[in-house]
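Peer 1: model this:
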Amino acid sequence: METLILYSALALCGLILLCLYRALYGPTVFDRIIGAGFVGTKTAILLLLIGFIYNRIDMFVDLALVYSILNFIGTIIVSKYFIKKGSGIE
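Peer 2: Prediction:
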């Protein structure tokens, strides 16, 4: 079971790299914001998988929740900034 979780975490790291590419080189600001949101979501899932590997899921659930809340708030702040700036997100 631990091997399956480890391979799932490695596959998730590959997906994080793809989303990070979209966040860095997205054609529009909207693509970059969505890519950054996906990176944050996948990182929270990766934290949960690490919790399963170390058998401390209770501690890692708390970390994943806090990270998800910060990711959500950060995405909202950046979106509002670009809406006020008028970068084409409506």
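Peer 1: Give the buried residues for the helix or strand encompassing Thr3.
Peer 2: Taking DSSP states H and E as the criterion, Thr3 maps to helix 2-25. Neighbour-count burial for helix 2-25 flags Ala9, Ile16, Cys19, Arg22, Ala23 (criterion: 16 or more other Cβ atoms under 10 Å). C-beta: built from backbone N, CA, C; applies to glycine.
Peer 1: again, but for stretch 80-88
Peer 2: Phe82.
Peer 1: For that stretch, list the C-alpha coordinates in PDB.
Peer 2: This file holds the C-alpha atoms of stretch 80-88, laid out as PDB (Å, rounded to 0.1, in the frame of the first residue of the first chain):
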ATOM      1  CA  LYS A  80      -9.200  41.200  -7.400                       C
ATOM      2  CA  TYR A  81      -5.900  43.000  -8.100                       C
ATOM      3  CA  PHE A  82      -6.000  42.200 -11.800                       C
ATOM      4  CA  ILE A  83      -9.700  43.100 -12.100                       C
ATOM      5  CA  LYS A  84      -9.000  46.500 -10.600                       C
ATOM      6  CA  LYS A  85      -6.000  46.900 -12.800                       C
ATOM      7  CA  GLY A  86      -8.100  46.000 -15.900                       C
ATOM      8  CA  SER A  87      -6.000  43.200 -17.300                       C
ATOM      9  CA  GLY A  88      -8.900  41.600 -19.200                       C
END
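Peer 1: Can you give the distance from that stretch to the centre of its chain?
Peer 2: 22 Å (Cα atoms, centre = their mean, to the nearest Å).
Peer 1: Next: stretch 12-29.
Peer 2: Centroid separation for stretch 12-29 versus its chain: 10 Å, with Cα atoms, centre = their mean.
Peer 1: can you give me the helices in this protein?
Peer 2: Secondary structure of the chain (DSSP state H): helices at 2-25, 29-54, 57-85.
Peer 1: could you give the angle of the second one to helix 57-85?
Peer 2: Going by axes from the mean of the first three to the mean of the last three Cα atoms, to 10 degrees, helix 29-54 is angled at 170 degrees with respect to helix 57-85.
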